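Colleague: All I have is the shape, not the residue letters:
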Ligand code: FES
Ligand code: FES
């Protein structure tokens, strides 16, 4: 058998294996200039990080290094999931620190190399991490200016910094590279007072579609994901999966595991696993285990769950309240009362949850495909009863996350197996396990009661959301009498009323809240006999929202009409954590009912200054496609804790043939700081397609996905 | 396990001989025994295309191909597509068109497209779409992948590269 493993590449993403204290760590990195900084989110959570005794005296969220050879490395606890921060964060740094974009190397999600971070989610990398990164770049630039002035014996004002080199104006002979400037010196400096950041109008590196460095590796198969890491003597593990969440192991027969030579059984109470030097043979060994389980009562299913959620409704959290609902009701001439329901939706990343764990008696190293390396570090440390700084988490490229890779069940399994057998163990979930253990977008319910006055203005709005949480639930339309309340959040994790785990799904809560609000707005527009765009504009004063709506309408060529116009045109607008979106779609519905085909989507987005326009467009297109999934087909079927959709043959995700023509309009807005763009594109899709469906066929579905069967049922 | 045999085939234009259980699926032999991790596992049941490799010019799902069935055949994986540093036009096109996000589906996409262009050097848009339908991309790069394949086909036809 040929041996072509490349052990030398194992530590591709990692520091040396020894535990490094901060001092040693600086020594190991070698001389260079260090700038430490923290972000808003880090400051908020700083206490937690310090409490964990993580080796950083303060909660610095990232830092950069300028090495002797001039290479700049940016360390961040954020991770690259495909969203392209490998380019956009480097651009934000290069905007302030005058080094070539190409000279910047990004290191993601290594708990030993990178400062603590709360996780890669909520489209926050650009909005919260970006400014801190730029501030660090600006500070480094000013320190370099001073150093250059001293070395070149010139006044600091005379020092010009460009492309990684300092020179003296009027004296072209005098110049020195940044790396040489810091040679032999380790300068460690906090930022007492940050130099001002460049205004967006002066951006030179940001705002350009600079290339992503990861694409070539990904096109050649060289890119390493967690499952591609190899260690000498490593084994592959598989853990016995119950038939339903909440089931208890009753009888176990493992006698046939030995039929697979080389397989080893691991048992710790109900935790039953096998390991084998070959991944497929670990599967074969697992297939030989016979187990019986006691099943809990399997009560709720995809049809009845909403009733259960309403009944279980926890305490109300009032998010906004103004005016007086009763007064609003008295002013109204038309009243609306609708209930919207959304299902459990899977993340289904192409890379299943994967981790490799090497657990020793005193320390552990794990390579995990995760969105939350530092959270994983803490969870694993608790599991293994080790101090957190003895657990080293390395995050290779992650093959899609969408919120689902915030949970790290696979890493827990790998760590337990590795601890039991004393060897490195990799666990890569099967597709079936990926569906089973997923922390789904939670099923949720929204009830909206509202009213219109004679002028066709919204006079009251009473909004209650159950289990989707508050994100994007607040109303940006002008409503004098209003109340918005949330009961239960989007994170369940197996507790609460859900029969299995739920969690963040690309824009947590917003997919549900925006679907409900924008469907409802459309219903009101139809009853008012108005074009849905005109109705929105009539009830809006927020100039940013009006601007994105107009931008979308211009590109789409929106022609006003009362709905249903039978043209299949839909509109939606939304605010997702400060990013504004307006989208329009054209769908086609075969006569007699579905399946719907979405022909064209125009998406206008105001996310402030755009760091990398091409990257933003890629995210927008991807989000629209992903959103189409829950619009048209995606919905987990289950009976209690038993998940019935465990494969792509039953759970259908978008395919090539679904791809509509997508046109994106990036609305220029230098007035606000750069905002996130990974989630705003998908969160409006339910409203958008639902509204287009109403326009096409005159049927309003108050629940997605809009399957052919549901449409036909409504038409009948 | 029983069934150990020696199987000889061509892998990325080089002869290999491997002693293993011939019933094992090629995907795992490639990824583990041969260390070629560019071929990905996405479902193990022919439903996603992440594990696509090219055997005798045809795209196949290596998660369902028993090792013994490749005896004497030519297997091409993503690692064998570029010649040295020169990327294949499909690889260049996917990069140029930004048709890659997380990159997990990418090797399978490229090899499926490679076999499509083998069969049909200048496919129309509908033929590309149809030929790619079985490959899934959760990041939703479909539109750009379609454009990239069309552009690579064009480039290969005019023979600017190879
Ligand atoms: S892994 Fe082979 S088709 Fe999905
Ligand atoms: S790029 Fe992520 S699955 Fe296709």
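Modeller: On my side now, so go ahead. Bear in mind that the values here come from a model prediction, so they are computed numbers and not experimental data. Residues are numbered from 1 along each chain as shown, chains lettered A, B, ... in the order given. Ligands and ions are numbered 1, 2, ... in the order given.

Colleague: only C-alpha atoms for contact and neighbour calcs from this point on.
Modeller: Noted.

Colleague: And the residue of chain B that's closest to ligand 1?
Modeller: residue B:46 (3.4 Å; C-alpha to the nearest ligand atom).

Colleague: Look through the stretch 51-200 of chain A and state the residue closest to chain B.
Modeller: Per C-alpha to the nearest C-alpha, residue A:82 is where the stretch 51-200 of chain A lies closest to chain B, at 3.5 Å.

Colleague: Tell me how far the residue nearest to the spatial centre of chain A lies from residue A:512.
Modeller: Centroid-nearest residue in chain A: residue A:121, 3.9 Å away (criterion: C-alpha atoms, centre = their mean). Residue A:121 is 18 Å from residue A:512, where distance means C-alpha to C-alpha, to the nearest Å.

Colleague: helix/strand/coil for residue A:662?
Modeller: strand (DSSP: H, G, I helix; E, B strand; the rest coil).

Colleague: who's in contact with residue A:709?
Modeller: Taking C-alpha atoms under 8 Å, 6 or more residues apart in numbering or on different chains as the criterion, residue A:709 is in contact with A:593, A:594.

Colleague: Tell me the secondary structure at it.
Modeller: Judged by three-state DSSP, the three-state class of residue A:709 is helix.

Colleague: Tell me if residue B:151 really is in a helix.
Modeller: Yes. Applying three-state DSSP, one finds residue B:151 inside a helix.

Colleague: residues touching the closest residue to it other than its chain neighbours, list them.
Modeller: Leaving aside its sequence neighbours, residue B:151 sits nearest to residue B:93 (C-alpha to C-alpha, 6 or more residues apart in numbering or on different chains; 6.7 Å). By C-alpha under 8 Å, 6+ apart, residue B:93 lies in contact with B:148, B:149, B:151, B:152.

Colleague: just residue A:324 next, same as before
Modeller: Counting by C-alpha under 8 Å, 6+ apart, the residues that residue A:324 touches are A:481, A:482.

Colleague: change it to 6 Å
Modeller: Counting by C-alpha atoms under 6 Å, 6 or more residues apart in numbering or on different chains, residue A:324 touches residue A:481.

Colleague: Quickly find the element holding residue A:615.
Modeller: Per DSSP states H and E: residue A:615 is located in helix A:613-632.

Colleague: Please determine how far the one residue in chain B that gets nearest to chain A is located from residue A:227.
Modeller: The minimum distance from chain B to chain A, using C-alpha to the nearest C-alpha, falls at residue B:102 (3.5 Å). According to C-alpha to C-alpha, residue B:102 and residue A:227 sit 14 Å apart.

Colleague: How many neighbouring residues does the closest residue to residue B:21 other than its chain neighbours have?
Modeller: Nearest non-adjacent residue to residue B:21, counting by C-alpha to C-alpha, 6+ apart: residue B:4, 4.1 Å away. Residue B:4: 14 surrounding residues under other C-alpha atoms under 10 Å in any protein chain shown.

Colleague: Could you do residue A:268 as well?
Modeller: Neighbour tally, residue A:268, other C-alpha under 10 Å: 10.

Colleague: So for it, what pLDDT did the model give?
Modeller: On pLDDT, residue A:268 comes in at 95.

Colleague: before we move on, what about residue B:30?
Modeller: 98.

Colleague: now residue A:139
Modeller: So, for residue A:139, pLDDT stands at 86.

Colleague: need the residues of chain B near chain A, please.
Modeller: B:18-19, B:34-35, B:37-38, B:42-43, B:78-79, B:91, B:95, B:101-104, B:133, B:138-142 (C-alpha under 6 Å from any C-alpha of the partner chain).

Colleague: mind checking the backbone torsions on residue A:272?
Modeller: Residue A:272 has phi and psi values of phi -120, psi 120 when expressed as degrees, to the nearest 10.

Colleague: and residue A:298, what does it touch?
Modeller: A:639, A:640.

Colleague: SS state for it?
Modeller: Strictly by three-state DSSP, residue A:298 counts as coil.

Colleague: Over to residue A:326?
Modeller: Quick answer, by three-state DSSP: residue A:326 is helix.

Colleague: Which helix or strand lies directly C-terminal to the lengthiest helix in chain A?
Modeller: When chain A is parsed with DSSP state H, its longest helix is helix A:130-152. Next helix or strand after helix A:130-152 toward the C-terminus (DSSP H and E): strand A:159-162.

Colleague: Going by neighbour count, list what's buried in that next one.
Modeller: A:159, A:160, A:161 (16 or more other C-alpha atoms under 10 Å in any protein chain shown).

Colleague: what about the closest residue in space to residue A:165 that isn't next to it in sequence, how many residues close to it?
Modeller: Distances taken as C-alpha to C-alpha, 6+ apart put residue A:177 closest to residue A:165, at 4.2 Å, once the chain neighbours are dropped. Neighbour count of residue A:177, defined by other C-alpha under 10 Å: 20.

Colleague: Next up, phi/psi of residue A:177, please.
Modeller: Dihedral angles for residue A:177 - degrees, to the nearest 10 - are phi -70, psi 150.

Colleague: Please enumerate the helices of chain B.
Modeller: B:26-28, B:89-96, B:106-119, B:125-132, B:142-157.

Colleague: Same list, those, but as TSV with distance to residue A:98 please.
Modeller: Shown next, in TSV, are these (distance: least, C-alpha to C-alpha, whole Å):
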stretch	distance to residue A:98
helix B:26-28	46
helix B:89-96	26
helix B:106-119	34
helix B:125-132	43
helix B:142-157	33
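
Colleague: Redo these as CSV? Include distance to ligand 1.
Modeller: Shown next, in CSV, are the helices of chain B (distance: least, C-alpha to the nearest ligand atom, whole Å):
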stretch, distance to ligand 1
helix B:26-28, 8
helix B:89-96, 20
helix B:106-119, 9
helix B:125-132, 13
helix B:142-157, 17
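
Colleague: can you tell me which of the ones you listed comes nearest to residue A:600?
Modeller: helix B:142-157 (12.0 Å; C-alpha to C-alpha).

Colleague: ok, is that closest one in contact with ligand 2 or not?
Modeller: No. Interface with ligand 2: helix B:142-157 contributes nothing (C-alpha under 6 Å from any ligand atom), its closest point being 8.1 Å away.

Colleague: residues from the stretch 401-550 of chain A in reach of chain B?
Modeller: Counting by C-alpha under 6 Å from any C-alpha, the stretch 401-550 of chain A sits next to chain B at residue A:431.

Colleague: Which single residue of the stretch 401-550 of chain A ends up nearest ligand 1?
Modeller: For the stretch 401-550 of chain A, C-alpha to the nearest ligand atom, closest residue to ligand 1: residue A:431, 8.6 Å.

Colleague: Same check on the stretch 601-716 of chain A?
Modeller: residue A:648 (9.1 Å).

Colleague: and if you look at the stretch 201-350 of chain A?
Modeller: Closest point on the stretch 201-350 of chain A to ligand 1, by C-alpha to the nearest ligand atom, is residue A:350, at 8.8 Å.

Colleague: number of nearby residues for that residue?
Modeller: 27.

Colleague: Am I right that it sits in a helix?
Modeller: No. If the criterion is three-state DSSP, then residue A:350 is coil and not within a helix.

Colleague: what's it sitting at in phi/psi?
Modeller: Dihedral angles for residue A:350 - degrees, to the nearest 10 - are phi -60, psi -40.

Colleague: For residue A:399, see how far away it is.
Modeller: 6 Å.

Colleague: Residue A:713: neighbouring residues, count only.
Modeller: 11.

Colleague: returning to what we had before: show me what contacts the residue of the stretch 51-200 of chain A closest to chain B?
Modeller: B:101, B:102.

Colleague: Next one, pLDDT for it please.
Modeller: In this prediction residue A:82 is given a pLDDT of 88.

Colleague: now residue A:10
Modeller: 27.

Colleague: One more: residue A:485?
Modeller: 94.

Colleague: What strand or helix carries it?
Modeller: Per DSSP H and E: strand A:481-487 holds residue A:485.

Colleague: And the contacts of that strand?
Modeller: Contacts of strand A:481-487 (C-alpha under 6 Å, 6+ apart): A:314-325, A:328, A:460-466, A:469-470.
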